[in-house]
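*Asks:* could you work out the structure for the sequence below:
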Amino acid sequence: MKSLKNERRDAVKMLGAGVVAASGVLPARRAVAQAPVLTVASILPLSGGFAQYGQELARGVDLAVEAINKKGVKVGNTVYQLKLNTYDDKTDATTTARLTERAMTADNADIAIAGCGSVMAKSVIPVAQRLRMPVLAQWAQVDGVFAGQKGNPYFFGTMPPFSKMYDNIWPQVAKFNSPKVQTVVMVTPNDELGVFMARDLPAKLAQAGLKHLHTEMFPPTSQDFSATLERCSRHNPDIFLINCYTPQIIAVFKQMQAVKFFPPTVIVEAPSRLFESIGPGINGAFVPSFWAPHLVGTRDEYVGTSTDFAAAYQAKFKEAPPDFVAACGAANLVVYAQAIARTGNVKDKNALLNTLRKFDGETFFSATRYGDDGLNLKAPIFGAQFQDGKVKLVYPENVREQPPVHPYPGWKKA
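*Replies:* Numbering: from 1, shown residues only. Take a look at the predicted model:
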């Protein structure tokens, strides 16, 4: 099996060997000979702090290009193939913005998909607005980032608004007994993600009958959480929300293990590669999710259903998709193929922009309709939990794969 680490190493080897200048762009994948092509620029973090997200998104993009090219994208009377150019933004917002502009101008991409995480996404929006060209988000969903383009969106996210992130978890944990849980402490970075959550969390908890005790904010680049955890533990919460990205989640969790601080309920913001880094200690932690292989409520003409995507992922990468991230990456390409087909003119960026603003359809990933801020109003959010090293949907009951486990197995009574 070829690991994500090896895939990244191979990409770096290509850059170092002089196949491409050290600009961050990887070679384009060849389309079918002589077929007219639509060039897709995929700008994502293949290295740096968000590499675990970028590498998984890239897998999904690759699968979507393969699936779409089997059928082709019919625009008017012409059937096009997709040609993929992949750029590494190195988890740096300035580089994300620069590569997005380069892709859409000097490199003549027909569409750019860029912005993994709120900081990178925030850097892309001014580029799209200045060029007056639509851009699809790789994975971004913080409402506050998209709010600046409300009423005139150029940047479109497949994911649902972050304001709904934990909506399927709070009402359910509020019902737990043995022990009953009520009080919440959150740890979160002092950035767009954290500031937004710190503002909205108390009201969200109150709606579910829960009580907010404290929010502990840390510098976004921090990796030492000993003092943070000491301050959080003073509040003796029933529920501990770790609202940050995977690198920080891993660091927080490992230090929680060291100091033996584990409330009855633990919730993390993202699932990517946590079991591989933390091990069985992550089992029992709740996490929001947006997709699972067994969901077949939506489908599209290119990939099919979620089950079809999971089968294609297994066949290509010799493992099951670990979470929703690759599926999100693939869904972006499917939306583009559907939208450009509706325009009737591949060179009319304004027609594509207006089509996306009015888009109402579905992919194997979810139903899709963009709001006036560019976020997907129809995408669902499920409550999930790590069980036996896998992310299993537990809420709502109609999509449940396994019943929830309570309390967190590492919880120790005082």
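
*Asks:* going forward, measure contacts between C-alpha atoms and count neighbours the same way
*Replies:* Will do.

*Asks:* number of nearby residues for Leu333?
*Replies:* Burial of Leu333 is recorded as 28 neighbouring residues (other CA atoms under 10 Å).

*Asks:* ok, now which ones touch it?
*Replies:* Contact criterion CA atoms under 8 Å, 6 or more residues apart in numbering gives 61, 64-65 as the residues in contact with Leu333.

*Asks:* kindly recompute the last result at 10 Å.
*Replies:* Taking CA atoms under 10 Å, 6 or more residues apart in numbering as the definition of contact, the neighbours of Leu333 are 40, 42, 60-65, 67-68, 82, 111, 113, 136, 138, 302, 339, 363.

*Asks:* gap between the host helix or strand of it and the chain center?
*Replies:* Element membership for Leu333, per DSSP states H and E: helix 325-343. Distance of helix 325-343 from the chain centroid (CA atoms, centre = their mean, to the nearest Å) equals 15 Å.

*Asks:* next SSE downstream of that helix?
*Replies:* Secondary structure here is assigned by DSSP H and E; on that basis, the next helix or strand after helix 325-343 toward the C-terminus is helix 349-357.

*Asks:* remind me what that next one packs against, helices and strands.
*Replies:* Packed against helix 349-357, as judged by 3 or more CA pairs under 10 Å, 6 or more residues apart in numbering; DSSP states H and E, are the following elements: strand 135-139, strand 155-156, helix 325-343.

*Asks:* so for the first one, mean pLDDT?
*Replies:* Pointing back at strand 135-139 there. Averaging the model's pLDDT scores along strand 135-139 yields 98.

*Asks:* what's it packed up against?
*Replies:* Packed next to strand 135-139, using 3+ CA pairs under 10 Å, 6+ apart, are strand 37-44, helix 51-71, strand 111-116, helix 118-131, strand 155-156, helix 325-343, helix 349-357.

*Asks:* so which of the helices and strands packed on helix 349-357 gets nearest Asp388?
*Replies:* The closest of these to Asp388 is helix 325-343. By CA to CA, the value is 19.5 Å.

*Asks:* how about the residue nearest in space to the middle of the chain: what's its closest non-neighbour residue?
*Replies:* The geometric centre of the chain, computed from its C-alpha atoms, lies nearest to Trp139 (CA atoms, centre = their mean), at 4.0 Å. Nearest non-adjacent residue to Trp139, counting by CA to CA, 6 or more residues apart in numbering: Cys116, 4.8 Å away.

*Asks:* report the contact partners of the one you found.
*Replies:* Under the criterion of CA under 10 Å, 6+ apart, the contact list for Cys116 reads 43-45, 50-51, 53-54, 57, 89, 91, 93, 96, 122, 137-141.

*Asks:* only C-alpha atoms, please: export whichever strand in the chain runs longest in PDB.
*Replies:* Counting residues, the longest strand found in the chain (DSSP state E) is strand 78-88. The C-alpha atoms that make up strand 78-88 are tabulated as PDB, following Å, rounded to 0.1, in the frame of the first residue of the first chain:
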ATOM      1  CA  THR A  78     -18.500  19.400 -27.100                       C
ATOM      2  CA  VAL A  79     -17.300  16.800 -24.600                       C
ATOM      3  CA  TYR A  80     -14.400  17.900 -22.500                       C
ATOM      4  CA  GLN A  81     -11.800  16.100 -20.300                       C
ATOM      5  CA  LEU A  82     -10.400  17.500 -17.100                       C
ATOM      6  CA  LYS A  83      -6.700  18.300 -16.900                       C
ATOM      7  CA  LEU A  84      -5.500  18.600 -13.400                       C
ATOM      8  CA  ASN A  85      -2.700  21.000 -12.200                       C
ATOM      9  CA  THR A  86      -1.800  20.500  -8.500                       C
ATOM     10  CA  TYR A  87      -0.100  23.200  -6.500                       C
ATOM     11  CA  ASP A  88       1.300  22.900  -2.900                       C
END
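
*Asks:* sheet-wise, list the partners of that strand with their directions.
*Replies:* Using DSSP bridges, the neighbouring strands of strand 78-88 in the sheet come out as strand 25-26 (antiparallel), strand 37-44 (parallel), strand 73-75 (antiparallel).

*Asks:* would you turn the ones you listed into CSV with mean pLDDT, mean neighbour count and distance to Thr215?
*Replies:* Converted to CSV, these look like this (pLDDT from 0 to 100; neighbours: other CA atoms under 10 Å; distance: least, CA to CA, whole Å):
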stretch, mean pLDDT, mean neighbour count, distance to Thr215
strand 25-26, 58, 20, 40
strand 37-44, 98, 26, 30
strand 73-75, 97, 19, 48
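
*Asks:* right, and those - which one's nearest Gln387?
*Replies:* Comparing the strands paired with strand 78-88 by their distance to Gln387 (CA to CA), the top pick is strand 37-44, with 29.4 Å.

*Asks:* pull the distance from that closest one to the chain's centre.
*Replies:* Computed by CA atoms, centre = their mean, the chain-centroid distance of strand 37-44 equals 18 Å.

*Asks:* and the angle from that strand to helix 118-131?
*Replies:* Here strand 37-44 runs at 140 degrees with respect to helix 118-131, directions being taken by axes from the mean of the first three to the mean of the last three CA atoms, to 10 degrees.

*Asks:* residue ranges with poor pLDDT in the stretch 101-250 of the chain?
*Replies:* Applying pLDDT under 70 to the stretch 101-250 of the chain picks out no residues at all.
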